[in-house]
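**Student:** A structural model of the following input is requested.
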Amino acid sequence: MPIGVITTVLLLWVLLGDEIAAWLVDLLLLSIIFVIARTALLACALWAERADGELTRIDELTGLTNRRGFLEQAACLLTDVREPPMVPAGGGDPSPDTRRLRPCVALMVIDIDRFSEINSALGYEYGDRLLVAVSRRISAVRRPGDLIARISGDEFAVLLHGLEAERARQMVTDAAIDVQEALGAPFVLAGMRAPLEVKIGIALAPDHGSDIGALLGSASLALREAKKSHAGHRVYDTGLPRPSPARLRLRTELRTGLRNGQIELRYQPKVDLRTGRITGMEALVRWCHPVDGVRSPQLFLPDMETVGLMPALTAFVLRTALAECARWRAGGIALSVSVNVPASVIVDAAFVFEVRDALGKAAVPAAALCVEITEDSMMTRRDHAQRTLTRLRALGVRVSLDDYGSGYCSLAYLRDLPADELKLDRALLREVEWDAAAAEIIRSTIALAHALRLRIVAEGVETIRLWALLAAWGCDEVQGYFVARPMAGDQVLPWLRQWAGHTRLPQTAITLGVGAPVGDGYSCARRGSTVAAAVPARR
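**Tutor:** Numbering: from 1, shown residues only. I've put the predicted structure just below:
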């Protein structure tokens, strides 16, 4: 106890007497104890706050740094790369040695492909185990001192710092390959060997961003490109387009448009070449923007896919088209309707139940619906797409392979694909009327489709001559501006009555052999033959 306190206590004792002095001494001691206790509590609170701050920067599952901690530490590590290189005393550019020795930082963003399938098939417990195992393998191949973090559900980040600028690109590329190889060995989950694929986006500082926000943005864009590449990793390219404020505004408007009924359908007829009868309608989506007017799908569907609105859009198109089909049938016209389904939807097994529910609500037979898919649907997660298509056909729904010839679909896909129909892309038909090679490709494709028991439909038919050529080769159906432009649903029945009145039946004979050579004197049909086709009269 300090001497001053002791002196005070003794003086009180002498002046006030034993009883009062004892009471004051007790009060003084309590005050001292209170001050000591308060100081101790404050110290404990500060220690707990510091410990809690550390914990909030740690991922509870893997023990790695979490996103918050990663951003804070990365910001500190990036301080050096923001400093300009040393300029010689006399001015001029930095020397080559100065540029080479300037510190550089590289960022890898690692994404696990189809991680959600693990959770769906085995449960979240095994998904968590997989994430822990992945974090350990990444940690085992990183350089000492590099920062590794789990920045989202199935995304990890590795920050390599202190690199020489000239060697940084090669070093981070080598590190990405090491990570891919480390994660390439199968993981054992629930007694099964589960192979894993990862994609890695790479960005370098200061070239691709001098702060962590810009660097993460560049790495994310590179990751998007890596998912399209065979190598599975990609270094950011300054030529890659970045989302602009206008594009962000567009995506916001898309959500509003879908919610507020701005998305509308138009229907384009499909006609049987042998009879001239309209067999069905293809549903085509349009965006009726309140300011810009009608927008074609090429202008907004890619953004719909990017923001994850394709499932909602597909569900809307499916329900609307089937309801319209039911009205046509109630009007005495047994038409079918075709709906385009993107790859992101066709691989989802739940889509089969959605189709079944929509058919039931519309009260139309399953055969009245044709699902059109593109080649990329089969190139991406082919097994999942095939299972969905097989189940749809089991319901009675027809399947069409759309835009055939615009991609890289092999003949093996045609053999194995659970489909009923093949649609020739309009790009294949552009030179048919004057190019013998193009004509032979179309004729052979039609013959191949028939050999595989597939009906074949040609898109983009705009002239009577192309109509006749396709009829000569045995094409089953066509659609295009020669038949009709896309129309609103309530225009279909009146248009059908008009079509029936202007179509010349029975079939009109069109002689091709002598008068309609293709290319260098090559006739589309056998020379001198007559092609029978139901051709609409000029209107």
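
**Student:** just to check, Ile177 is in contact with His233?
**Tutor:** Yes: when contacts are counted by Cβ atoms under 8 Å, Ile177 is listed as touching His233 (7.2 Å). In short, each C-beta sits where N, CA and C put it, glycine included.

**Student:** ok, those two, which is more surrounded?
**Tutor:** With neighbours defined as other Cβ atoms under 10 Å, Ile177 and His233 compare such that His233 has more, 23 against 15.

**Student:** that one: what's it in contact with?
**Tutor:** By Cβ atoms under 8 Å, 6 or more residues apart in numbering, the contact set of His233 is 173, 176-177, 180, 199-202, 226.

**Student:** give the contact list for Asp128.
**Tutor:** Asp128 touches Leu61, counting by Cβ under 8 Å, 6+ apart.

**Student:** ok, Tyr481 - how many residues close by?
**Tutor:** Neighbour count of Tyr481, defined by other Cβ under 10 Å: 12.

**Student:** element containing it, please.
**Tutor:** Using DSSP states H and E, Tyr481 maps to neither a helix nor a strand.

**Student:** need phi/psi at Ile456.
**Tutor:** Backbone geometry at Ile456, expressed as degrees, to the nearest 10, gives phi -130, psi 130.

**Student:** give me the pLDDT for it.
**Tutor:** pLDDT, Ile456: 93.

**Student:** go on, the one 5 residues further on?
**Tutor:** Confidence at Val461, expressed as pLDDT, is 92.

**Student:** please apply the same query to Arg277.
**Tutor:** Reported pLDDT for Arg277: 91.

**Student:** what residue ranges in the stretch 351-500 of the chain score low on pLDDT?
**Tutor:** In the predicted model of the stretch 351-500 of the chain, residues 375-381, 405-413 satisfy pLDDT under 70.

**Student:** that one: strands as residue ranges?
**Tutor:** 369-373, 398-404, 421-424, 455-458, 477-478 (DSSP state E, counting those that start in this stretch).

**Student:** Throw these into CSV and include distance to Trp434 and mean neighbour count, thanks.
**Tutor:** CSV is the format used below for the strands of the stretch 351-500 of the chain (distance: least, Cβ to Cβ, whole Å; neighbours: other Cβ atoms under 10 Å):
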stretch, distance to Trp434, mean neighbour count
strand 369-373, 29, 24
strand 398-404, 22, 22
strand 421-424, 17, 24
strand 455-458, 17, 26
strand 477-478, 19, 24
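
**Student:** got these as TSV, with distance to Ala323 columns?
**Tutor:** Output for these, formatted as TSV (distance: least, Cβ to Cβ, whole Å):
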stretch	distance to Ala323
strand 369-373	12
strand 398-404	19
strand 421-424	23
strand 455-458	24
strand 477-478	24
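
**Student:** ok, which of the ones you listed comes nearest Ala75?
**Tutor:** Evaluated over these, closeness to Ala75 peaks at strand 369-373, with 45.8 Å, by Cβ to Cβ.

**Student:** can I get that closest one as CSV, trimmed to CA atoms?
**Tutor:** This file holds the C-alpha atoms of strand 369-373, laid out as CSV (Å, rounded to 0.1, in the frame of the first residue of the first chain):
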residue,chain,number,x,y,z
LEU,A,369,-44.8,-29.9,-76.6
CYS,A,370,-41.4,-30.0,-78.3
VAL,A,371,-38.3,-29.0,-76.3
GLU,A,372,-35.6,-27.5,-78.4
ILE,A,373,-32.0,-27.7,-77.2
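
**Student:** run me through the strand neighbours of it, direction for each.
**Tutor:** Applying DSSP bridges, strand 369-373 is found paired with strand 336-340 (parallel), strand 398-404 (parallel).

**Student:** nearest to Trp328, of the contacts of His233?
**Tutor:** Distances from Trp328 to the contacts of His233, taken by Cβ to Cβ, are shortest for Lys199, at 45.5 Å.

**Student:** immediately after the helix or strand hosting the closest one, which helix or strand?
**Tutor:** Secondary structure from DSSP H and E places Lys199 in strand 198-205. Downstream of strand 198-205, the next assigned helix or strand under DSSP H and E is helix 212-226.

**Student:** for that following helix, buried residues please.
**Tutor:** Residues 212, 214-219, 221-223, 225-226 are the ones in helix 212-226 that count as buried (16 or more other Cβ atoms under 10 Å).

**Student:** got the end-to-end distance for stretch 297-304?
**Tutor:** 10 Å (Cα to Cα, to the nearest Å).

**Student:** how far off centre is that stretch?
**Tutor:** Averaging C-alpha positions (Cα atoms, centre = their mean, to the nearest Å) puts stretch 297-304 12 Å from its chain's average.

**Student:** what sits up against that stretch?
**Tutor:** By Cβ under 8 Å, 6+ apart, stretch 297-304 touches 247, 250-251, 254, 284-287, 310, 313.

**Student:** now for those residues: which two are most distant?
**Tutor:** The distance between the two most remote of these (Cβ to Cβ) is 23.6 Å, for Arg247 and Leu284.

**Student:** quick one, which of these two is more surrounded?
**Tutor:** Leu284 (19 against 13).

**Student:** that one bridge partners, please.
**Tutor:** Note on Leu284: beta-bridge partners Arg266, judged by DSSP bridges.

**Student:** quick one, what contacts it?
**Tutor:** 265-268, 297, 486.

**Student:** now those residues: which count as buried?
**Tutor:** Among the contacts of Leu284, those buried by neighbour count (16+ other Cβ under 10 Å) are 265-268, 486.

**Student:** so which of those residues is the closest to Glu354?
**Tutor:** For the buried ones among the contacts of Leu284, the closest approach to Glu354 (Cβ to Cβ) belongs to Leu265, at 17.3 Å.

**Student:** for Arg224, see how far away the spatially closest residue to that closest one that is not a sequence neighbour is.
**Tutor:** Spatially, and ignoring its direct neighbours in sequence, Leu265 is nearest to Ala283 (5.0 Å; Cβ to Cβ, 6 or more residues apart in numbering). To Arg224, Ala283 is 30 Å away according to Cβ to Cβ, to the nearest Å.

**Student:** now the two most distant members of the buried ones among the contacts of Leu284.
**Tutor:** Leu265 and Gln268 (10.5 Å).

**Student:** next, give me the two most distant ones among the contacts of Leu284.
**Tutor:** Using Cβ to Cβ for every pair in the contacts of Leu284, the one that comes out farthest apart is Tyr267 and Pro297, at 14.0 Å.
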